[in-house]
Structures are given as C-alpha cells and as structure tokens.
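Enquirer: got a sequence here, can you build the structure:
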Amino acid sequence: MSKFINVTFENSSDNNLRTLGSKEYVFKCDQEVAKGDLVVCETSRGYGIGTVVGEETHETRRKMATAWIISKVDLTAHKIRLEKEQKMSVLKAKMTERKKALEDEAVFALLADKDPEMAAMLAEFNALKV
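Expert: A predicted model of the protein is given here:
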C-alpha cells in the first residue's frame, strides 16, 4: 500500500536542485521510511536526495504527489567505514609515537656502546625514569 511522504531538499550548488530550497514536497512511497531518513526521489529535474520530514495526512496535499521515493539511502556501511577510519587514525598515531620512543631508545643504546659519555648520560637517564 502506498503512503505519502513529505521530503525536503537542501539548497545545493547543483543546478538541478538549486531552486528546490527547503520547501516540503510530497512523494508516493511503498517502503518503510522514518523522519530523518535520506531518500532518493524522482523530481522534475532528475533524481534528488532529500530528507524525510514526515507522512502527509492532508488529502489535498496527497493529490500533489506525482512521483515516487525510489529508495532509502542506507548509511550503515558508510558509518562503519568512518568509525574504522577513525580508529585506524588513532592507532596509527599511537604506533608512530611508540615507534619514535623505541627508535630513540635503540639509537641511544647504540651510541652508548660507542661513547662512554653517552653511556653515562643514558645510565643516569634510565635511573631517573624509574
């Protein structure tokens, strides 16, 4: 059974949607959609992505619906991808910091093997960090 759904389109630099603004448009819909969902719709200017603002209850406005919501935009995979990207960024920063510390320790140890003054400074440094 068809429902009638109100959708708004954001102002866009795209010539096809520039004049749509934030006015509500009524579309026929045979899918489950909720307020706030992004949907792909048929418009007089081609396909557009809009936001569901609710179901239309007025019969006179329902008669204005001449086009369909084509599909709901599923952002689940994209949100997971962004979360993974964020976690990877945090881990990379921690690994880079740890790598730097390990490199410093290794370089100081190598230098201490060759230079008695460096060995004394490294021994004092190690004693202080405990």
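
Enquirer: C-terminal to the longest helix that the chain contains, what's the next element?
Expert: Scanning the chain for the longest helix, with DSSP state H as the assignment, gives helix 76-114. Taking DSSP states H and E as the definition, the helix or strand that follows helix 76-114 towards the C-terminus is helix 116-128.

Enquirer: that following helix to helix 76-114, inter-axis angle?
Expert: For helix 116-128 against helix 76-114, the angle between stretch directions is 130 degrees (axes from the mean of the first three to the mean of the last three CA atoms, to 10 degrees).

Enquirer: sort out which residues of helix 116-128 are buried, please.
Expert: Counting neighbours by 16 or more other CB atoms under 10 Å, one finds that the buried residues in helix 116-128 are 118, 122. To be clear about C-beta, it is placed using only N, CA and C from the backbone, and glycine gets the same treatment.

Enquirer: just give me the neighbour total for the closest residue to residue 69 other than its chain neighbours.
Expert: Of all residues not flanking residue 69 in the chain, residue 29 sits nearest, at 4.3 Å (CB to CB, 6 or more residues apart in numbering). Residue 29 is flanked by 22 other residues according to other CB atoms under 10 Å.
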